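[1] just to be clear, the model below is a prediction. Sequence and coordinates:
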Amino acid sequence: MIRNYSVDSISQYNADNNHPTLHPLVSVIDFSKAAPRSWGSEIQRIKFHYGLYCVYLKDVKCGDIVYGRHTYDYQAGTLVFFAPGQVSEFEIPAQAYQPKGYGLVFHPDLVHGTSLAKALATYHFFSYQSNEALHISDAERQVVLDCFSKIAFELSQSIDKHSKKLITANIELFLSYCERFYDRQFISREHVNKGVLARFEEQLNAYFLSDKPSTLGLPSVAYFAEQLHLSPNYFGDLIKRETGQSVKEMIQNKLIDVAKDRVFDGDKTVNQIAYELGFKYPQHFTRLFKQRVGNTPLAYRNLN
C-alpha cells in the first residue's frame, strides 16, 4: 500500500514533526522531537510530493528512498536534497521507530528578490537522484549543524527588516558548503567516476557505430545518463570534473570526428550523411560542421 503525503506547507510540516512555526516560509527541524513513526504494518511506502525545498540529514536508518526507478539505502550520515515539483517514495519499516536527525525546509517564496534565488539554479544537487546523496564526514556534519544553528537562531528572533536577508544568506552559505562537499565526494570517489567515464566513452562510440542516430536522432545528455543510471545533472557534473568538458561538448566532438570520416565517402551526399548522423535538417549539420571545422562538409571533402 502506498500513502501520499504532500510537503508544501511549513506550518503543516512543523505540526507533523512537533515543532512550532517561527516563520511561515522556513523551518529547521530536529526530528528527535517528533513523535515515533508508526504507519501500521500494512503500509510499506509513503509517496512524498514536494512543494518545498527540503534537505535532510538523518542520524538513524529509517527506511529506503525510492526516487525514479532507483532505490537508495538511506544510511545515517547522508544529506539528501529535494526541490519543489519532485516526488519520492520512502520504504517504511513495519516496526515503529524514532526519527533522528535534522532537516531544513523552505518555501520558494522565501527566496524571491534575494541572491539565493539565482544561486539555487547553480546547485545541481537538488535534481540529483537519491542514490547520488552526499555522504559527509564528522567534520562536515558539524559544519552542517553549525549552519542549521545559525538559521535556527535567526528564526528565534522577532521578524524584522533584516530577517529575510540573514536567513537566506545563511541558507546560501550552507548550500555553498554542500557544493564544496560534493566536490570532495567526486574526488574521493575518483575510481568510481573513472569507471563511469569509461562506460560513457564506450557507449558514445557504440552509438555512432549503430543505426541509433538514424532511428533515435542525435544523442542527448539525458540518454547517456539514463543508460548509466544517473541523473543528467549528476552525470554532467561528474564528467565535467573528470575531463574539463561538458557531456554535450564530448558528444559534439565525437560527432564531428565521425562526420569527418564519413564526409570522405564520395558515394554519399552531405544530406545523406546528415540524416545518418541523426540530424533532422541537413542545414543544421552543415552549420555545426562549419563552426567546429572551419569549412562546410563539401568544402572539407574537396580540400582533402
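    Looks like it came in fine. Since this is a predicted model, take the numbers as computed values, not measurements.
[2] wait, what's in contact with the nearest residue to Val143 once chain neighbours are set aside?
    In this structure, Val143 finds its nearest non-sequential neighbour in Tyr177, 5.5 Å apart by C-beta to C-beta, 6 or more residues apart in numbering. All C-beta atoms are positioned from the backbone trio N, CA, C, and that covers glycine. For Tyr177, the contacting residues are 140, 143-144, 147, by C-beta atoms under 8 Å, 6 or more residues apart in numbering.
[3] what do you get if the cut-off is 10 Å, keeping everything else the same?
    136, 140, 143-144, 146-147 (C-beta atoms under 10 Å, 6 or more residues apart in numbering).
[4] tell me what the helix or strand Glu249 falls within is packed against?
    Following DSSP states H and E, one finds Glu249 within helix 247-263. With contacts taken as 3 or more C-beta pairs under 10 Å, 6 or more residues apart in numbering; DSSP states H and E, helix 247-263 sits against helix 190-209, helix 221-227, helix 232-243, helix 270-276, helix 282-293, helix 297-303.
[5] number of residues surrounding the closest residue to Leu277 other than its chain neighbours?
    With sequence-adjacent residues excluded and distances taken as C-beta to C-beta, 6+ apart, Leu277 is closest to Pro213, at 5.2 Å. Neighbour count of Pro213, defined by other C-beta atoms under 10 Å: 19.
[6] and the pLDDT at Pro213?
    At Pro213, the pLDDT value in this model is 94.
[7] so who does it touch?
    207, 219, 255, 258, 275-279.
[8] and with 8 Å instead?
    So Pro213 contacts 207, 219, 276-278 (C-beta under 8 Å, 6+ apart).
[9] name the nearest of these relative to Phe90.
    Checking the contacts of Pro213 against Phe90 with C-beta to C-beta, the nearest one is Pro219 at 33.8 Å.
[10] please work out how many residues are found near that closest one.
    21.
[11] apart from its chain neighbours, what residue comes closest to it?
    Tyr207 (5.3 Å).
[12] residues near that neighbour, how many?
    22.
[13] equivalent analysis for the one 4 residues further on, please.
    When counting by other C-beta under 10 Å, one arrives at 9 neighbours for Asp211.
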